[in-house]
Every structure is written in C-alpha cells, then in structure tokens.
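>>> Need a 3D model of the sequence below.
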Amino acid sequence: MPQISKILNSRDEWKNKAIERAAELRELRKSQQRHLETIANLKRQNCQLERLVEEKKTIFQ
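Model (predicted):
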C-alpha cells in the first residue's frame with residue numbers, strides 16, 4: 001500500500017505543478033498582449049503628434 005500512496009501523491013504533485021505552470025504562462029501571454037497593445041497605441045499617438053508638429057512648422061514658416 002505505501003507504494004500506491006507514493007504514486008498517487010507524486011501524480012497529484014505533478015498535476016498541481018502543471019496547472020500552476022499553465023496558469024503562469026497564460027498570465028504571461030495576457031500581459032504580453034496588453035503591453036503590445038499599449039506600445040501600438042503609443043506609436044499611433046506619436047505619429048499623430050509628429051504630423052501635428054509638421055503642420056505647425058509649415059504654418060509658421
């Protein structure tokens with residue numbers, strides 16, 4: 001009997017570790033996606049501001 005309990009405990013530990021790793025990877029992917037969206041928004045804003053600056057330069061020259 002002790003051998004079976006060791007196997008069951010080992011299996012449960014492995015399963016719990018796998019679940020934790022999967023959750024961690026899922027959170028990392030979500031976080032990366034949010035960061036990429038933020039970067040895209042900031043780039044878009046930067047382009048708009050650069051166009052605005054160019055327009056202002058042409059108006060005042």
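
>>> need the helices for this structure, in chain order.
Under the criterion DSSP state H, the chain contains helices at 2-60.

>>> Would you mind listing where it has pLDDT under the threshold?
1-2 (pLDDT under 70).

>>> go again using 80 as the cut-off
For the chain, the stretches with pLDDT under 80 are 1-2, 61.

>>> what number of residues lie near Gln3?
When neighbours are counted by other C-beta atoms under 10 Å, Gln3 registers 7. Heads up, the C-betas are built off the backbone N, CA and C, glycines and all.

>>> now do Gln45
10.

>>> With Ala40 instead?
10.

>>> Can you tell me how far it is from Arg34?
Using C-beta to C-beta, to the nearest Å, Ala40 is found at 11 Å from Arg34.

>>> Then Ile7?
41 Å.

>>> ditto for Asn9
From Asn9 to Arg34 the distance is 38 Å (C-beta to C-beta).

>>> same check, this time on Gln3
47 Å.

>>> same thing with Arg44?
16 Å.

>>> quick one: stretch 31-40 to chain centroid distance?
Relative to the chain's own centre, stretch 31-40 is displaced by 7 Å; criterion: C-alpha atoms, centre = their mean, to the nearest Å.

>>> Other residues contacting it?
Residues outside stretch 31-40 that contact it (C-beta atoms under 8 Å, 6 or more residues apart in numbering): none are found.

>>> Could you check how many residues crowd around Ile59?
Neighbours around Ile59, by other C-beta under 10 Å: 7.

>>> Report the contact partners of it.
Ile59 neighbours (C-beta under 8 Å, 6+ apart): none.

>>> again with Gln45
Per C-beta under 8 Å, 6+ apart, neighbours of Gln45: none.

>>> Relative to Glu55, how far out is Leu49?
11 Å.

>>> Same question for Asn41.
From Asn41 to Glu55 the distance is 21 Å (C-beta to C-beta).

>>> gap between Ile19 and Leu36?
26 Å.
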